[in-house]
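**Student:** need a structure here:
(chains A and B)
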Number of protein chains: 2
Amino acid sequence: MALSATVLAELRGIVGPSHVHDAAGDLVAYARDATPLFSHRPDAVVFPADTAEVSAVLALATRHQVPVVPRGAGSNLCAATVPLRGGIVLVLTRLTTILEVSADELLARVQPGVTSAALADAAAARGLLWAPDPGSRTVATVGGTIATCAGGLRGLKYGVTRNYVLGLEAVLPTGEVIRTGGRLWKDVAGYDLTRLLTGSEGTLAVITEATVALLPAPASANTGVAYFPTLADAGEAVARVIRAGVVPATLEFLDRACIAAVEDFAHLGLRADAGALLLFGDDGPPDLVAAHLDRIGAACVEAGAVEVTTAREVAQAEALLAARRCALPALSRRGGVTILEDATVPRPRIAEMVDRIDAIAARHGVAIATFGHAGDGNLHPTCVLDSAEDHEAVRRAEAAFADVFAAAIDLGGTITGEHGVGAAKLPFLAARLGDDQLALLRRIKTAFDPAGILNPGKLGS
Amino acid sequence: MALSATVLAELRGIVGPSHVHDAAGDLVAYARDATPLFSHRPDAVVFPADTAEVSAVLALATRHQVPVVPRGAGSNLCAATVPLRGGIVLVLTRLTTILEVSADELLARVQPGVTSAALADAAAARGLLWAPDPGSRTVATVGGTIATCAGGLRGLKYGVTRNYVLGLEAVLPTGEVIRTGGRLWKDVAGYDLTRLLTGSEGTLAVITEATVALLPAPASANTGVAYFPTLADAGEAVARVIRAGVVPATLEFLDRACIAAVEDFAHLGLRADAGALLLFGDDGPPDLVAAHLDRIGAACVEAGAVEVTTAREVAQAEALLAARRCALPALSRRGGVTILEDATVPRPRIAEMVDRIDAIAARHGVAIATFGHAGDGNLHPTCVLDSAEDHEAVRRAEAAFADVFAAAIDLGGTITGEHGVGAAKLPFLAARLGDDQLALLRRIKTAFDPAGILNPGKLGS
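**Tutor:** Now for the predicted structure:
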């Protein structure tokens, strides 16, 4: 469907003519997000300036039954912001004001288009920590971080985004502006709409402002690395760390294929002969961090680590973290299409899950390398293909990932730990939630969006 | 309405005749919960044994349009479990099995009738901590703790119940059994129904099993007390603590009237000449706890504390915590009716809020003493009346509390921080949320409960 001249004129009236784009080049640019293999052109790309404009656009869209897909940086990996049914892509990147950072109240108030890194920097300047730490934080917006309930490298100790959202201003698809929560650590007045919107992937409302909790910045941090003969050994080390009563800030793993790709890419001096690498780190008072890293190192040795090193200086610690952060780019450059998933299993079952992934990859004749968050069982099996045009290879990769999701569910896990459902994993949602719960999600969606205009074909559809 | 003979017979068929009570004495016992001034008799009290029985009772109730009020210990303070429209009180206290406590996975799986204290004990036996810590934890059930998103004394550092619920099994009012979340720290497959049910006060579904996160038990804990000339001085101390980058596990205050009541009740040697008492505590490695308590003590002195004492031994620390925990019984024994509220404001506005409460109390000619959680701005203004039969006094207290809620909202706060809305605060919810959000809550309620049988007259009504 194309938008009628009337609707386009109304949109231009709301946000100003220069903030409605409908040239072919603009539409192509917003047909995709960071997810490979998904693409659909919108009919218009609209850049509102404030809450009132967002409200007017949504009310108009509901009146005319026009789909609206809210979007921040579009860095999600589940096709959550691909406009499957055309309509309007509503880009929130003009709302970039950090309204407040309060050291007294340990909170910030921001517009949705602020990047997660910009908020982290503003917090750090006041001695505070914005805990959510998605891999894409330099581009990812806070609005998108909240809309996807993004995770990251600090999930085990710090929890995910939902723990840090205190309140939201959001616009319903019918145009009403609601305010949930506020500057309060405790507030049980009403259903927890703050959390319901967090992770709702732009299907229930458009977030126009967020009040988020910050923490006092930890006094110090350090990182170490351990190499193991097998991933099962690394899994045993993780179990021993937890059993020792230590919940570290960082506990990341790379399998053999990822180690090779990262070393090939970044030349960090990683041991290419290891079956698995465990990156561990903690933050807090220096004595405590040192004690924790010692204990983690000891647990790694007990579990059969062939080498354990703790960073002796900040630069070395940062290099180690970089090894983990560059896993995705290191893998990606090996081909034209990178499919990155995030099946998640209970922590003790990581090694078993990676074994299953390896068997699935072999069965389907695709190469899958796996890295991820060992602390919270969140795996990122990654498949690199030469080209999206190799339809046979794409088909095999898709079949392999369907098996990966089924394996995760079979082990008591889930189809997505932190990336989201979007369009990419919607076909697998019923297997995870069951038909009754899926029907309930649809009824909740309707309670927010009776006309079904907000991000159709995604969560709640 | 009375239940028909058919419905009663069907109920007896589902749970067994001995688990359906409809004698007058039983109905009176379940007409109330811990909330004063609210009472309504049910038509039957039903004690199911398992999820299948809960499902059958709910399906029956939906079919016959019979109200059902789920109930654990009934220790809530907002009339959340008073059966306002009669019908069935569904008591979950036969589901008392701790199904699992896993030190490897840092989680427990429990039935809803387990008390919060029993779960805490079972966790402690494995070196683990169940963080939610409501004042009523010796009787409060885990199901009720989750249904109310209970807070407690550790909210600032540890967060409230919602942060510790990993997954739920719940029965919809129409009888379907759903499972949300699981044994996972990260799971974004679908809307966050785990959090939507947490704090939904038995209006959306009946929780029949919970998987909850546990923490490694802290190695040590200690407590101190500071006395201040005024509550404003105590508020300044709290601000200085936070500004120093310390987020203590415990930061509780008592106003002058509470100090007097507690001392009169428990003879702990509290200073009756102080305008405010601040109880502070932290847990963790002994060195860190000592350093934090020193820093908190210093902040108190800078803010004008007339006396600061840190407990020298565990027994003394426990006595100090007892002082805070007995604030409510100490006040309660002064009269026949105790109305305890929990208006909440942003942390820096506590002293201002207590001043407003004092002025409101004076204006309405009632005595209100206030204690609460200074760390998260959660106040418990408490009014003790001689008797519920003194209708004029009750009317004045109610009018005063209506003004207290309005003042909290005016200061950017909320009408309930941790106790819930129930029937008691439903009339004030629109002032906090606005009509658009209230209408949205009703639509969400309908998405779960099309027949409106689950806890009618409460949240979502």
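
**Student:** Which of the three states applies to the nearest residue to A:Pro329 once chain neighbours are set aside?
**Tutor:** Nearest non-adjacent residue to A:Pro329, counting by CB to CB, 6 or more residues apart in numbering or on different chains: A:Phe265, 6.8 Å away. To be clear about C-beta, it is placed using only N, CA and C from the backbone, and glycine gets the same treatment. Judged by DSSP: H, G, I helix; E, B strand; the rest coil, the three-state class of A:Phe265 is helix.

**Student:** so A:Phe265 sits right up against A:Ala330, yeah?
**Tutor:** Yes - using CB atoms under 8 Å, A:Phe265 makes contact with A:Ala330 at a distance of 3.6 Å.

**Student:** follow-up on the earlier one: counting neighbours, what do you get for the residue nearest to A:Pro329?
**Tutor:** By the measure other CB atoms under 10 Å in any protein chain shown, the count of residues near A:Phe265 is 17.

**Student:** contacting residues around it?
**Tutor:** Contact partners of A:Phe265, counting by CB atoms under 8 Å, 6 or more residues apart in numbering or on different chains, are A:326, A:329-330, A:333.

**Student:** Restricted to helices, list those residues.
**Tutor:** Members of the contacts of A:Phe265 lying in helices (criterion: DSSP state H): A:329-330.

**Student:** Out of the contacts of A:Phe265, which end up buried?
**Tutor:** Taking 16 or more other CB atoms under 10 Å in any protein chain shown as the criterion, what is buried in the contacts of A:Phe265 is A:326, A:330.

**Student:** Pipe the contacts of A:Phe265 into JSON lines and attach pLDDT per row.
**Tutor:** Shown next, in JSON lines, are these (pLDDT from 0 to 100):
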{"residue": "A:Cys326", "pLDDT": "87"}
{"residue": "A:Pro329", "pLDDT": "88"}
{"residue": "A:Ala330", "pLDDT": "91"}
{"residue": "A:Arg333", "pLDDT": "88"}
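
**Student:** farthest pair in the contacts of A:Phe265?
**Tutor:** Across the contacts of A:Phe265, the longest distance by CB to CB is 10.0 Å; it joins A:Cys326 and A:Arg333.

**Student:** Show me which residues of the stretch 51-200 of chain A sit near chain B.
**Tutor:** Within the stretch 51-200 of chain A, the positions adjacent to chain B are A:103-106, A:127, A:148-149, A:151, A:155-156, A:159-160, A:162-163, A:172, A:176-180, A:182-193, A:195-196, A:198-200 by CB under 8 Å from any CB of the partner chain.

**Student:** Filter these down to the buried ones, PyMOL style.
**Tutor:** To isolate the buried members of these in PyMOL, using 16+ other CB under 10 Å:
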select buried, chain A and resi 103+105+106+148+149+151+155+156+159+160+162+163+172+176+177+178+179+180+182+183+184+185+186+187+188+189+190+191+192+193+195+196+198+199+200
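
**Student:** Looking at the residues of the stretch 51-200 of chain A next to chain B, which are in strands?
**Tutor:** In this view, these that belong to strands under DSSP state E are A:177-180.

**Student:** A:Pro36 touches A:Gly335, doesn't it?
**Tutor:** No - A:Pro36 is not in contact with A:Gly335 according to CB under 8 Å; the separation is 10.4 Å.

**Student:** which one of the two has more residues nearby?
**Tutor:** Ranked by neighbour count (other CB under 10 Å), A:Pro36 and A:Gly335 place A:Pro36 first, with 20 against 16.

**Student:** since we're on A:Ala322, how many residues are nearby?
**Tutor:** Using other CB under 10 Å, A:Ala322 is surrounded by 12 other residues.

**Student:** and the single nearest residue of the stretch 251-400 of chain A relative to chain B, what is it in contact with?
**Tutor:** The nearest approach of the stretch 251-400 of chain A to chain B comes at A:Asp376, 3.8 Å away (CB to the nearest CB). The contact partners of A:Asp376, taken as CB under 8 Å, 6+ apart, are A:151, A:155-156, A:344, A:347, A:417, B:184-186.
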